[in-house]
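*Asks:* Return a 3D structure for these sequence lines:
(4 chains)
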There are 2 protein chains.
Amino acid sequence: MSTDASRRRDVTVADVAKAAQVSKAQAARALGNYGAVSDDVRERVLAAAEELNYRPNELARSMNTGKSNTIGVVVGDIENPHFGLATRGITDTAKKSGFNVILVNTDEDTAAEVDAVKVLLDKRVDGLIIAPASSVDTGHLESVHKSGRPLVLLDRKAPGLDVETVAVEMEGISYESTTHLIQEGHRRIAFISTIRMDEPYFAGLPLDSSQIADRRDGMKRAFEEAGLPQPEDLVRLNAGGPESIKKITRELLQQPDPATAIIASDGLIGLSVVEAIQDLGLSIPDDVSFLMYDDFAWTRLTTPPLTVIAQPVYEMGVAAADALIRQIQGRKAPAAAPEFAATLVKRGSVGPAARH
Amino acid sequence: MSTDASRRRDVTVADVAKAAQVSKAQAARALGNYGAVSDDVRERVLAAAEELNYRPNELARSMNTGKSNTIGVVVGDIENPHFGLATRGITDTAKKSGFNVILVNTDEDTAAEVDAVKVLLDKRVDGLIIAPASSVDTGHLESVHKSGRPLVLLDRKAPGLDVETVAVEMEGISYESTTHLIQEGHRRIAFISTIRMDEPYFAGLPLDSSQIADRRDGMKRAFEEAGLPQPEDLVRLNAGGPESIKKITRELLQQPDPATAIIASDGLIGLSVVEAIQDLGLSIPDDVSFLMYDDFAWTRLTTPPLTVIAQPVYEMGVAAADALIRQIQGRKAPAAAPEFAATLVKRGSVGPAARH
DNA sequence: CTGAAAGCGCTAACAT
DNA sequence: ATGTTAGCGCTTTCAG
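*Replies:* Okay, the predicted model is just below:
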């Protein structure tokens, strides 16, 4: 053993240079793989580095290069498999290009997001991928963008912001899904989302989330084209935890003019909705039809399997990372940005509306 | 607008100092909140900083302090909700103490893990939380530990390594679960895991993963105490993707002396096993009993709901982060390390063994 | 191709 | 309390 791992100070280029009997500059060049170095010197330096168990200090490196080879990812909830998958797409892609990922969870809270962006910027990440908690309250994103830091929005658009965005076209799929339900005879279609709003929903309420707004618009169009009245009284926001969701579900199903179909805004909500329906002793789709966003594997296991709106989440993570890295490397955007479409996967949870 | 966000160079302490008409050192002290600064100076500095839109360069800060306020987390697969939840526990806890998290995915590949550790160390993370891909091949972890960098193992132990570890006691719960199955009359109990091994399983094969080894041992003890022969021919490793798992399930169920009960090593496997069983047209638990590790919410939605082994995953993430941060801050370990126990949650997927 | 020296932005002695 | 002067470990002129 020629090395003593327990020594306090790390071994630096200076140490390696001395051991290899070259200047610090030459050692650094050989180690950092830049500049001009003779084979002889490179060999000696590398050997010395190996021997001394040298490891570069990436912080120091980042300080002068200005690049940290790190990207910041800000999402609302990694615990949600939707983001888990997207994150996987991002990290897989980042790794391929030699980037690391710092992950921050915001709990869908804009204040936390503002803070996260600050911290990440202070850490000098090379770029940011953000699933913005709000599509409206975007001052912090605006300033990131104006500062020239590469930024890509994931999953949700921010209409006022001219930033590259990777998201599914929601209005269309919402229209398609709603139309499907309408064709099955449903008129009382409920929509449940966790989106936090200060007031209960009413027709025309401006929504903080473009994603939800687009879905609402899609539903609206479907009803309009069918010449039917909007069941806007069945839109429920602020569906917090499982209990809250179950409560909402019960209300929707037991009120005077109840919902005959429920659309859940994501898989986490869907889970609780289905549970509540089962608890009520109701049958899907005989008593109530069910449809949800996100195609998780378990949706094939329920009885009946669930009709869902599948989104290419992993691919979107990949695309977001690709786009960001392209920006970081200063390459121009390809002529056509890839489009991401959701698909309505009809399984068994949607059936004809029950007769009243 | 007195600031020009598009200026190339960031504003530094020097700029702030000049604007506030104090020395760089005083400005730095006021900004960094250390040392002694008069109220007057602090005020002027903070005002100038605000005015100039100053943001500290954490990289530079980290360079002299030696602390990056960042921890590295290395897991096999964030896409797996098990790790998603654990990661949430880690990030939540880290944030509370002002730490950020760099997340690396290894695909359960030791080589990738070795690499990840290197990168993270080069980035000067203050500590590491690792769910080791192998409990045997741990040279890289050993050297991290010997170098004095705080390190906490999550989810899996490494017997040869004297490192703080947050994991569930697996032998016991495996024994308990197996016994439950035995009492229901099962003798042919299969166990399916994704663990990668070069050879197919045979009795006594040393397992690379302590977690799996412990589960195997628990099953073994259950059979021994019941005075029954071990169905070791029903242990299946290398269950890669969904298709591979389904194939294995079919084999297990259709071979001459088939399994009457199947234990899935995690929720991802469980999913495919249940799907395969349904595809075969078999009924749970009438034709085959099923039990799996991880209590995901969807396991309550299947018909019948699944009997599972619940693990306090989020809490373990929290505990791992707490322990690591404690190490980083140089505080001693509490007298008693918290114990984490899994629980057998009996729902409907285990029933009496079918008569042959 | 090589080396000396000057920073990167900040903190940490050391004086005053 | 404040300022001066060194660094942290690395990259980057700039000479040779």
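*Asks:* Same question for stretch A:299-306: list its buried residues.
*Replies:* For stretch A:299-306, the neighbour count (16 or more other Cβ atoms under 10 Å in any protein chain shown) marks A:299-302, A:304-306 as buried. C-beta: built from backbone N, CA, C; applies to glycine.
*Asks:* now check that stretch, is it near chain B?
*Replies:* Yes. Judged by Cβ under 8 Å from any Cβ of the partner chain, stretch A:299-306 comes into contact with chain B at A:300-303.
*Asks:* Quick check: which of these has the minimum pLDDT.
*Replies:* Checking pLDDT across these, the minimum falls on A:Thr303 at 90.
*Asks:* residues in contact with that residue?
*Replies:* Counting by Cβ atoms under 8 Å, 6 or more residues apart in numbering or on different chains, A:Thr303 touches B:302-303.
*Asks:* Now it, what are its backbone angles?
*Replies:* Phi and psi for A:Thr303, reported as degrees, to the nearest 10, are phi -120, psi 110.
*Asks:* A:Ser23 and B:Ala28, how far apart?
*Replies:* 32 Å (Cβ to Cβ, to the nearest Å).
*Asks:* okay, these two: which has more neighbours?
*Replies:* The neighbour comparison of A:Ser23 against B:Ala28 (other Cβ atoms under 10 Å in any protein chain shown) goes to B:Ala28, with 21 against 14.
*Asks:* does any bit of the one helix or strand the more buried one maps to sit next to chain A?
*Replies:* Take DSSP states H and E as the rule and B:Ala28 turns out to sit in helix B:24-32. No. Helix B:24-32 stays clear of chain A (Cβ under 8 Å from any Cβ), getting no nearer than 11.9 Å.
*Asks:* Contact residues of chain A facing DNA strand D?
*Replies:* Within reach of DNA strand D by Cβ under 7 Å from any atom of the strand, chain A has these residues: A:9-10, A:12-14, A:24-25, A:28-29, A:31-32, A:34-35, A:56-57, A:60-61, A:63-65.
*Asks:* For chain B, what's the nearest residue on the stretch 151-300 of chain A?
*Replies:* Nearest to chain B in the stretch 151-300 of chain A, going by Cβ to the nearest Cβ, is A:Trp298, at a distance of 3.8 Å.
*Asks:* pLDDT score assigned to the residue lying closest to that residue once chain neighbours are set aside?
*Replies:* Leaving aside its sequence neighbours, A:Trp298 sits nearest to B:Trp298 (Cβ to Cβ, 6 or more residues apart in numbering or on different chains; 3.8 Å). Each residue has a pLDDT score; the one for B:Trp298 is 95.
*Asks:* Could you pull up the residues touching B:Trp298?
*Replies:* A:271, A:296, A:298, A:301-302.
*Asks:* One more: A:Met316?
*Replies:* With contact set as Cβ under 8 Å, 6+ apart, A:Met316 has these partners: A:86, A:89, A:154-155, A:166-168, A:340.
*Asks:* Of the residues you listed - the most surrounded one?
*Replies:* Neighbour counts for the contacts of A:Met316 peak at A:Ala86, which has 30 neighbours (criterion: other Cβ under 10 Å).
*Asks:* how near is that residue to B:Val136?
*Replies:* Distance from A:Ala86 to B:Val136, by Cβ to Cβ: 33 Å.
*Asks:* And A:Arg29, by the same measure?
*Replies:* Taking Cβ to Cβ as the measure, A:Arg29 falls 39 Å from B:Val136.
*Asks:* Which phi and psi values does the residue of the stretch 151-300 of chain A closest to chain B adopt?
*Replies:* When read as degrees, to the nearest 10, the backbone of A:Trp298 gives phi -70, psi -20.
*Asks:* and what of the one 3 residues further on?
*Replies:* Listed backbone geometry of A:Leu301 is phi -90, psi -20, with angles given as degrees, to the nearest 10.
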